[in-house]
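*Asks:* Following is a predicted model, sequence given first.
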Amino acid sequence: MPQMYRPSALRRMMPHRNPCVVRTRLTLKTLTLILSLLGVALLTGIMAWLGIDHVLTAMQRIGIGGFVAIVGGQVLVDIGLGISWFFACPELGLFRAIASRAVRDAAGNCLPFSQLGGMVIGIRATCSIPGLSRRLSPLQWPAAIATNIVDITTEVLGQIVFVIIALVFLFNHSGTNKFTWPVLGGMGLLTLGIAGFIWTQQRGGVAIHHVARFLGRHIAEGWRTTLIDNMDSFQAQLDLLWARPGRIASGALIHLLCWLGGAAVTWLSLELLGAHVGYGGAIAIEGVVCGIMSASFLVPAALGVQEAAYVALGYFFGIEADISLGLSLLRRGRDIAIGIPVMALWQFSEMRRLRAAKNSSAEQDALDYADSAPRREPS
């Protein structure tokens, strides 16, 4: 007979949940929901102010061929992002780096999560997507988190240089000081933050262990040893990656080239919409918009923030508001056209992998049962 437990006994057997952790999660979820609603309200207000007909008319100017060209240009940029990750973390393999990066960006752009939620899905994809070479073993989560952190760090390093280049072009336009100095101050704070982040990755092993031990006091005993052991593995992976500064620098440089490639896609979009600002103007617009969007990383898909930034910056470059809003919506359409197929393919791959694991487990159970079954002696 199976052993029965009372509900009180089951509650004692379940892992202890720290009330502070629960409250923190609820606060983050509530904040994300509020920011999402505010973003949707801002987007709706901009659309109502400009008139949806004017925006649709501006977007119809590009045609199907123009939209395909924009999507194709962004796909090349996305492949470059995966290549930059591979240069910094060759243990991933080129295919896994490109595919995992695509899933991470697709989740952040298409799903109702903040950028932090996209990073979590990207870590899961890094663990589950196989490498094409047999020499590449599957990644466990400490290595997956470490490689994602290094990739995000190199991307921010490239972004800082890109925004500085954008500010140089922005200085050439009158009236843009309203954006120049706040963005420059924000980049200064971001530079200090990324410097501290890099220091923590390289020399923060003691601090990480203190955090792990603190968390270990508030979780089940069975998880405590696993957490501390995985923290050791996580720090070892970070030390290995940062022991190759040449590869980190190569990854940051390729990220910078990808940022400049993204500005080229923006320039093409503006040309197709009928706005002629030149490549330098496109760099200025894209750099400042990306800087503003980075500051609003808790807003899912930067709803409303992206549109307001494009409209405001377009005003100083002589771009009509309906074209600026059309540029923002065109960017969202481009991200959806790329992101939805990527997420669908990844989900299909996940289902196949889970089904294969389930079948393998069932076959192993059957073999174990056959080995343990009593055998009759022949008479």
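*Replies:* Good, I have the coordinates.
*Asks:* C-alpha only now, for contacts and for neighbours.
*Replies:* Will do.
*Asks:* Count residues in the vicinity of the residue nearest to N230 when sequence neighbours are not counted, would you?
*Replies:* Sequence neighbours aside, P142 is the residue nearest to N230 in space, at 6.2 Å (criterion: CA to CA, 6 or more residues apart in numbering). By the measure other CA atoms under 10 Å, the count of residues near P142 is 20.
*Asks:* in which helix or strand would I find P142?
*Replies:* Under the criterion of DSSP states H and E, P142 resides in helix 141-170.
*Asks:* Which positions in that helix come out as buried?
*Replies:* 141-167, 169-170 (16 or more other CA atoms under 10 Å).
*Asks:* And for stretch 240-259?
*Replies:* 241-242, 247-259.
*Asks:* Stretch 117-135 now?
*Replies:* 117-131.
*Asks:* tell me which strands and helices the helix holding P142 is in contact with?
*Replies:* helix 63-88, helix 115-128, helix 177-203, helix 221-242, helix 245-273, helix 278-295 (3 or more CA pairs under 8 Å, 6 or more residues apart in numbering; DSSP states H and E).
*Asks:* okay, the angle between the longest one and helix 63-88?
*Replies:* Angle of helix 245-273 versus helix 63-88, following axes from the mean of the first three to the mean of the last three CA atoms, to 10 degrees, is 170 degrees.
*Asks:* ok, now the last one?
*Replies:* Orientation note: helix 278-295 sits at an angle of 60 degrees relative to helix 63-88 (the same axes, to 10 degrees).
*Asks:* Please shift the residue numbers so they start at 549 in all later answers.
*Replies:* Sure, I'll start numbering at 549, so the last one becomes helix 826-843.
*Asks:* hmm, who's touching helix 826-843?
*Replies:* Helix 826-843 is contacted from outside by 710-711, 713-718, 727, 731, 735, 808, 810-812, 814-815, 850, 853-854, 857-858, 861-862, 865, using CA atoms under 8 Å, 6 or more residues apart in numbering.
*Asks:* that older thread, figure out which of the helices and strands packed on helix 689-718 is closest to P889.
*Replies:* helix 611-636 (12.3 Å; CA to CA).
*Asks:* buried ones in the closest one?
*Replies:* 614-615, 618-619, 621-623, 625-636.
*Asks:* Tell me if I'm right that R652 and I669 touch.
*Replies:* Yes: applying CA atoms under 8 Å, one finds R652 in contact with I669, separated by 6.1 Å.
*Asks:* Phi and psi next, for F865.
*Replies:* Dihedral angles of F865 (phi, psi; degrees, to the nearest 10) stand at phi -100, psi 10.
*Asks:* Next, work out how far apart it and R879 are.
*Replies:* 19 Å (CA to CA, to the nearest Å).
*Asks:* Pick out the most distant pair among the buried residues of stretch 665-683.
*Replies:* G665 and G679 (23.8 Å).
*Asks:* Please name the residues that touch G810.
*Replies:* Taking CA under 8 Å, 6+ apart, one finds 622, 625, 834 in contact with G810.
*Asks:* got a pLDDT number for it?
*Replies:* Among the per-residue scores, G810 shows a pLDDT of 94.
*Asks:* Please apply the same query to M607.
*Replies:* On the pLDDT scale, M607 gets 60.
*Asks:* How about H757?
*Replies:* At H757, the pLDDT recorded in the model is 57.
*Asks:* low-confidence ranges in this protein?
*Replies:* 549-607, 660-663, 680-682, 721-732, 734-735, 745, 750-777, 844-850, 904-927 (pLDDT under 70).
*Asks:* what's the spacing between the closest residue to L801 other than its chain neighbours and W747?
*Replies:* Leaving out its chain neighbours, the residue that sits closest to L801 by CA to CA, 6+ apart is G706, at 6.3 Å. For G706, the distance to W747 equals 17 Å [CA to CA].
*Asks:* and what of L873?
*Replies:* In terms of CA to CA, L873 sits 40 Å off from W747.
*Asks:* Looking at those two, which is more packed in?
*Replies:* L873 (29 against 11).
*Asks:* So what does I610 have for phi and psi?
*Replies:* phi -80, psi -30.
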